[in-house]
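Engineer: Need coordinates for the below:
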Amino acid sequence: MTTALAPAPAPAKAPAGIEPSIPNKVRAAFAFLPEQATGAHKLADFLIEIGIQGRRNDKLSCPVASYLRAVTGYGNIRVGTLTTTVKTPNGSVTIQNPAAVVSFIVIFDRGGYKTRDAQDPLWAGW
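Structural biologist: Next comes the predicted model:
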């Protein structure tokens, strides 16, 4: 017996006036992150490994925002705990953060991911 698979959901449309590739590029950048299957700690290791830096409690300068800017080429990206917003001259696109990104942001903003000597790593921006 063969089980039919449900069709893939249609990609979300960008709001009127927003380039359709913007949300797709951000989603693709999120999908590339190794944390999708392995958790927030692997995300931290990955960001350190590729040289991403950021500041705690700063939506424009957190490591995830820095990563997304580097990968997508969009400069005005704000990463909150639950969502990421890309602002363009024609409006904004808000995308839900993957679960491991949410976990990473919560831990990072509360001072997590210290080095063995209890210092903030260089990528924490301190």
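Engineer: doesn't Thr88 make contact with Ile22?
Structural biologist: Yes - here Ile22 reaches Thr88: they are 6.5 Å apart, a contact under CB atoms under 8 Å. In this view, the C-beta of every residue, glycine as well, is placed from N, C-alpha and C.
Engineer: Is my assumption valid that Tyr74 occupies a position in a helix?
Structural biologist: No - counting by DSSP: H, G, I helix; E, B strand; the rest coil, Tyr74 falls outside a helix, being coil.
Engineer: and the nearest residue to it once chain neighbours are set aside, how far is that from Asn76?
Structural biologist: Distances taken as CB to CB, 6 or more residues apart in numbering place Val86 nearest to Tyr74, at 5.5 Å, with adjacent residues excluded. The gap separating Val86 from Asn76 is 7 Å, by CB to CB, to the nearest Å.
Engineer: Between those two, tell me which one has more neighbours.
Structural biologist: Set side by side, Val86 and Asn76 show more neighbours around Val86, with 25 against 13, by other CB atoms under 10 Å.
Engineer: Buried residues in the host helix or strand of that one, which are they?
Structural biologist: Using DSSP states H and E, Val86 sits within strand 83-88. Going by neighbour count (16 or more other CB atoms under 10 Å), the buried part of strand 83-88 is Thr84, Val86, Lys87, Thr88.
Engineer: from these, which is closest to Gln96?
Structural biologist: Thr84 (8.1 Å; CB to CB).
Engineer: Do I have it right that the closest one meets Ile77?
Structural biologist: Yes - look at Thr84 against Ile77 with CB under 8 Å: they come within range, at 6.5 Å.
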